[in-house]
Structures are given as C-alpha cells and as structure tokens.
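K.L.:
after the sequence you'll find the predicted model.
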Amino acid sequence: QVQLVESSGGLVQAGGSLRLSCAVSGPTFGDYVMGWFRQAPGKEREFVAAIRWSGGSTYYGDPVKGRFTISGDNAKNTLFLQMNNLKPEDTAVYYCAAGPRAAQAVVFESLYDYWGQGTQVTVSS
C-alpha cells in the first residue's frame with residue numbers, strides 16, 4: 001500500500017512563497033501519476049497540479065499556472081509543490097494524491113487511489 005505524508009504548510013503573506021512536500025512510500029509506483037489537490041472552506045476539492053512519476057510530464061490547473069511548480073525527487077521518493085506569488089484565494093488544505101489510474105485524466109480526484117492527510121496553507125492579505 002502506498003502511503004503519502006504531506007508537510008511544510010503554514011501561514012504566509014500575499015506575494016510570498018511556500019514549498020509543500022509529500023513523502024511517498026510503499027510498493028513500486030513508477031507508473032503512477034502524483035498530484036496535488038486543494039480544498040478551501042465551503043468549496044469542493046479542486047485540482048492543482050500533477051506529474052507523471054516516470055517521464056516527468058506536468059499539468060496545472062488554470063488558477064495556479066505560472067505561479068506553482070510541481071516536481072518529484074525519485075531518489076528521495078518525495079513530491080514537491082513550489083508555490084510562488086501566493087494569493088489569499090490560495091488558502092486551503094492541500095492534499096497530495098497518487099495512483100496509476102490517474103494517467104487517464106489527471107484532473108479527476110476519483111482516479112487517485114492514495115491520499116495524504118492534508119496540510120493547511122493560509123495566505124494573509
């Protein structure tokens with residue numbers, strides 16, 4: 001069973017930066033898609049970004065394009081989300097997710113089989 005543990009959320013002022021980490025462990029996941037989703041209070045969970053662990057192709061949701069960067073460190077089995085120029089509307093609980101079925105359509109959370117516990121990101125204005 002793949003396990004995901006997020007870290008490095010926190011409070012930051014608008015315009016600032018944060019880098020989220022997600023430690024990945026478990027059986028081989030070389031053909032998985034790894035993704036980040038977020039959920040703000042009172043809103044549905046939304047797609048943020050995804051990366052194909054083997055090959056490195058990346059995908060981004062429109063609200064974060066040009067500001068966020070997803071990457072992975074194969075040697076350390078860690079997924080990252082670098083968030084720059086943060087805005088108050090980026091405030092949410094951020095979740096990392098993984099699964100082979102997500103290769104069909106990276107934006108659909110239902111295709112991800114494994115989820116982390118979430119980490120809070122708060123951006124003050």
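P.N.:
Cool, got the structure. Please read these numbers as outputs of a predicted model, since none were measured by experiment. Residues are numbered from 1 along each chain as shown.

K.L.:
how near is Glu89 to Trp36?
P.N.:
When distance is defined by Cβ to Cβ, to the nearest Å, Glu89 is 16 Å away from Trp36. All C-beta spots, glycine's among them, are computed from the backbone N, C-alpha and C.

K.L.:
so for those two, which sits in the more crowded spot?
P.N.:
Each of Glu89 and Trp36 has its neighbours counted (other Cβ atoms under 10 Å); Trp36 has more, 26 against 11.

K.L.:
what residues are up against that one?
P.N.:
By Cβ atoms under 8 Å, 6 or more residues apart in numbering, the residues touching Trp36 are Leu20, Cys22, Val48, Ala49, Ala50, Ile70, Leu79, Leu81, Tyr94, Tyr95, Cys96, Ala97.

K.L.:
now do Glu89
P.N.:
Contacts of Glu89 by Cβ under 8 Å, 6+ apart are Ala40, Pro63, Val123.

K.L.:
now do Thr119
P.N.:
Glu6, Ser7, Ser8, Gly9, Leu20, Val93, Tyr94.

K.L.:
give me the beta-bridge partners of it?
P.N.:
On the basis of DSSP bridges, Thr119 is bridged to Tyr94.

K.L.:
against Ile70, how distant is it?
P.N.:
15 Å.

K.L.:
got it, and Gly56?
P.N.:
For Gly56, the distance to Ile70 (Cβ to Cβ) stands at 10 Å.

K.L.:
mind checking which of the two has more residues around it?
P.N.:
Each of Gly56 and Ile70 has its neighbours counted (other Cβ under 10 Å); Ile70 has more, 22 against 11.

K.L.:
identify, from the contacts of Trp36, the entry nearest to Glu109.
P.N.:
Compare each of the contacts of Trp36 with Glu109 using Cβ to Cβ and the shortest gap goes to Ala97, at 6.9 Å.

K.L.:
enumerate every residue touching that closest one.
P.N.:
Leu4, Met34, Gly35, Trp36, Phe37, Glu109, Tyr112, Tyr114, Trp115, Gly116.

K.L.:
for Met34, same thing?
P.N.:
By Cβ under 8 Å, 6+ apart, Met34 lies in contact with Cys22, Val24, Ala50, Ile51, Trp53, Ile70, Gly72, Leu79, Cys96, Ala97, Ala98.

K.L.:
all set now, cheers.
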